[in-house]
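1. Sequence first, then the predicted structure, then my questions.
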Number of protein chains: 2
Amino acid sequence: MSEEIRNRILGAAARVYAQYGFRGATTRLIAAEADVNEVTLFRTFGSKAELLQAMLASHVSATSIPVILDDGGDPERAMTDWCATLLEYLRTHAHIIRKTMAEAEERPDAACASCEGPNSAAESLMLYLERLRQNGLVDGDADTETAVSMLMSALFGDALYREIIPDAFPQPVEAAPAKYVQTFVRAVGLRATALPARSRQRRVAGTRRRR
Amino acid sequence: MSEEIRNRILGAAARVYAQYGFRGATTRLIAAEADVNEVTLFRTFGSKAELLQAMLASHVSATSIPVILDDGGDPERAMTDWCATLLEYLRTHAHIIRKTMAEAEERPDAACASCEGPNSAAESLMLYLERLRQNGLVDGDADTETAVSMLMSALFGDALYREIIPDAFPQPVEAAPAKYVQTFVRAVGLRATALPARSRQRRVAGTRRRR
DNA sequence: GTCGCAAGCAAGTACCTACTTGCTTGCATG
DNA sequence: CATGCAAGCAAGTAGGTACTTGCTTGCGAC
């Protein structure tokens, strides 16, 4: 019973925070949105700061689905699916992420927690690409680190800013992940079949030189 | 004399807004930062909203330097210089842009004004690439539109979020523009010399099909 | 029935917010 | 010297903010 009201408050807090940010998310607004008396809010969470902290924590733990990539099939297709999933994740949390990032200097802990998921997502993509490179499926002199960083920026930008600056995202929403991956694939020189060992050797040497 | 005080207020407003956003930028804080009596602030600008609007307007008009690309020399080098300039521009306004974007739903007009410059910058890059394509310097089947969008996202992400999530930007700050452009160049297949006319024909056909 | 507990309700505290008013000060021009 | 004007200063208004207190209401367990 207390649990149900707690979740109702958390949900309301998320909605209000997403719209108005920390300062704008007044306890009155949250209580009204949750259809709960304002005092219950303080009784269950102690303070506004603790409530919003709990809300952010519950949000990152609730949807931790930037899953790792699976091997086996077509790499481009696998990456496209992965991007679509990640993009959907980012899009559903877009408002909260945007607010949290903007207030990162005032409340740094919140920002860290918010980007933990995407960070590990990028890492998993990096590992996946490393495996492809070992199999001789990507160019030796390709800067996969930068390419991954750019792809992640593209996903972030699309999820966070498409509805604000639609002109900056000419691809239709549903086609975006495929297009991003296509461009990414060209940048890293992904192949369907491996190259002979000679050029694979050169590739590894070229990798070591960087950084 | 009035002009000097006006600029002092605008500068203070910019600094305070960059730190605390619209709601957090109280008239007291701005007045204190400008070392000016709070009433002067109302006498010169009318209201807090008008003051911050004027501040944003002066900021976008003051530094409108996402310049257009020049032809002639090495395209990759030209694009790297252009990216470095744009990145510097974005970085100096990073805090304000971040806040403005986060508050876009509450104050949409401000967000539009803020991203006007970068928008036209992307457009100029698109035109530049179109010229390169006509000269047969980029691949016919390259999706330049998506590539430009991704490059812009990379620049935006770097400028806005590097200091918050440094892990997401593995390239050192000074090397970043060159790395982004290198990856971009691979994605669109930029060449130093043009291809024979046959494949140039195919390229144009491929372009028309999209969008 | 009654006990305890979780929630609602009304009111209040102390402080911050944008914005106003009336008056004083200093300075520059006639 | 006198006029005007731009800025400072002190005080006040009306409302919002987080958070507290004291009391009432309903409901389930003993």
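-> Cool, got the structure. Residues are numbered from 1 along each chain as shown, chains lettered A, B, ... in the order given.

2. Kindly calculate the angle that the longest helix along chain A makes with helix B:2-24.
-> The longest helix of chain A (DSSP state H) is helix A:2-24. Between helix A:2-24 and helix B:2-24, the angle comes out at 180 degrees (axes from the mean of the first three to the mean of the last three CA atoms, to 10 degrees).

3. from what I can see A:Ala122 touches B:Ala168, true?
-> Yes: using CB atoms under 8 Å, A:Ala122 is in contact with B:Ala168, at 6.5 Å. Placement of C-beta: from N, CA and C, glycine included.

4. Give me the common contacts of these two.
-> A:Ser149, A:Met152 (CB atoms under 8 Å, 6 or more residues apart in numbering or on different chains).

5. Counting neighbours, go ahead and name the busier of these two.
-> Counted by other CB atoms under 10 Å in any protein chain shown, A:Ala122 and B:Ala168 do not tie: A:Ala122 has more neighbours, with 22 against 19.

6. Could you list the buried residues of the host helix or strand of that one?
-> Using DSSP states H and E, A:Ala122 falls within helix A:116-134. Using 16 or more other CB atoms under 10 Å in any protein chain shown as the burial criterion, the residues of helix A:116-134 that qualify are A:Gly117, A:Pro118, A:Ala121, A:Ala122, A:Leu125, A:Met126, A:Tyr128, A:Leu129, A:Leu132, A:Arg133.

7. By mean pLDDT, which helix or strand of chain A comes out lowest?
-> Lowest by mean pLDDT, DSSP states H and E among the helices and strands of chain A is helix A:197-209, with a mean of 45.

8. count of residues packed around the closest residue to A:Ser58 other than its chain neighbours?
-> In space, A:Ser58 comes closest to A:Leu10 once its chain neighbours are excluded; the distance is 5.5 Å by CB to CB, 6 or more residues apart in numbering or on different chains. Other residues within reach of A:Leu10, judged by other CB under 10 Å, total 23.

9. so A:Leu10 makes contact with A:Ala54?
-> Yes: using CB under 8 Å, A:Leu10 is in contact with A:Ala54, at 6.7 Å.

10. need the contact list for the residue nearest to the spatial centre of chain A.
-> Closest residue to the average C-alpha location of chain A: A:Pro118 at 3.7 Å, with CA atoms, centre = their mean. By CB under 8 Å, 6+ apart, A:Pro118 lies in contact with A:Pro66, A:Leu86, A:Leu90, A:Met152, A:Phe156, B:Ala168.

11. can you tell me how far the fifth one sits from chain B?
-> It stands for A:Phe156. Separation of A:Phe156 from chain B (CB to the nearest CB, to the nearest Å): 6 Å.

12. one step back: dump the helix holding A:Ala122 to CSV, keeping only the CA atoms.
-> Written as CSV, here are the backbone C-alpha positions of helix A:116-134 (Å, rounded to 0.1, in the frame of the first residue of the first chain):
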residue,chain,number,x,y,z
GLU,A,116,26.4,5.3,-16.9
GLY,A,117,24.2,3.2,-19.2
PRO,A,118,25.2,4.8,-22.5
ASN,A,119,28.8,4.8,-21.4
SER,A,120,28.9,1.0,-20.9
ALA,A,121,27.0,0.7,-24.2
ALA,A,122,29.8,2.5,-26.1
GLU,A,123,32.3,0.2,-24.3
SER,A,124,30.4,-2.9,-25.5
LEU,A,125,30.4,-1.6,-29.1
MET,A,126,34.1,-0.9,-28.8
LEU,A,127,34.7,-4.5,-27.7
TYR,A,128,32.6,-5.8,-30.5
LEU,A,129,34.6,-3.9,-33.1
GLU,A,130,37.8,-5.1,-31.6
ARG,A,131,36.5,-8.7,-32.2
LEU,A,132,35.6,-7.8,-35.8
ARG,A,133,39.1,-6.3,-36.3
GLN,A,134,40.7,-9.5,-35.0
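
13. Could you tell me the angle between the following helix or strand past that helix and helix B:144-161?
-> Moving toward the C-terminus from helix A:116-134, the next helix or strand (DSSP H and E) is helix A:144-161. Interaxial angle of helix A:144-161 relative to helix B:144-161 (the same axes, to 10 degrees): 90 degrees.

14. Enumerate the residues of chain A near DNA strand C.
-> A:Met1, A:Ser2, A:Ile5, A:Val36, A:Asn37, A:Val39, A:Thr40, A:Arg43, A:Thr44 (CB under 7 Å from any atom of the strand).

15. State the mean pLDDT of the helix holding A:Ala122.
-> For helix A:116-134, mean pLDDT is 87.

16. now that helix and helix A:144-161, what's the angle there?
-> With the same axes, to 10 degrees defining the directions, helix A:116-134 sits at 150 degrees from helix A:144-161.

17. Run the chain-centre distance for helix A:116-134.
-> 13 Å (CA atoms, centre = their mean, to the nearest Å).

18. for stretch A:183-191, same thing?
-> 21 Å.

19. quick one: is that stretch near chain B?
-> Yes: counting by CB under 8 Å from any CB of the partner chain, chain B has neighbours in stretch A:183-191: A:Thr183, A:Phe184, A:Arg186, A:Ala187, A:Val188, A:Gly189.

20. sorry, back to before: against B:Cys112, how distant is the residue nearest to the centre of chain A?
-> 27 Å (CB to CB, to the nearest Å).

21. same thing with A:Phe42?
-> 39 Å.

22. next one: A:Val148
-> 31 Å.

23. Between the two, which has more neighbouring residues?
-> Comparing A:Val148 with B:Cys112 by other CB under 10 Å, the one with more neighbours is A:Val148, at 22 against 14.

24. interface residues of chain A facing DNA strand D?
-> Contact residues, chain A versus DNA strand D (CB under 7 Å from any atom of the strand): A:Ala25, A:Thr26, A:Thr27, A:Arg28, A:Leu29, A:Glu38, A:Val39, A:Phe42, A:Ser47, A:Lys48, A:Ala49.

25. let's see it at 6 Å
-> Within chain A, the positions lying close to DNA strand D (CB under 6 Å from any atom of the strand) are A:Thr26, A:Thr27, A:Arg28, A:Val39, A:Phe42, A:Ser47, A:Lys48, A:Ala49.

26. Farthest pair within the residues you listed?
-> By the measure CB to CB, A:Val39 and A:Ala49 form the most distant pair in the residues of chain A next to DNA strand D, at 16.8 Å.

27. From what I see, A:Thr27 and A:Glu38 are in contact.
-> Yes: if you go by CB under 8 Å, A:Thr27 and A:Glu38 touch, sitting 5.7 Å apart.

28. Closest to B:Ala104 out of the contacts of A:Pro118?
-> Closest to B:Ala104, out of all of the contacts of A:Pro118 and judged by CB to CB, is A:Phe156, at 15.7 Å.
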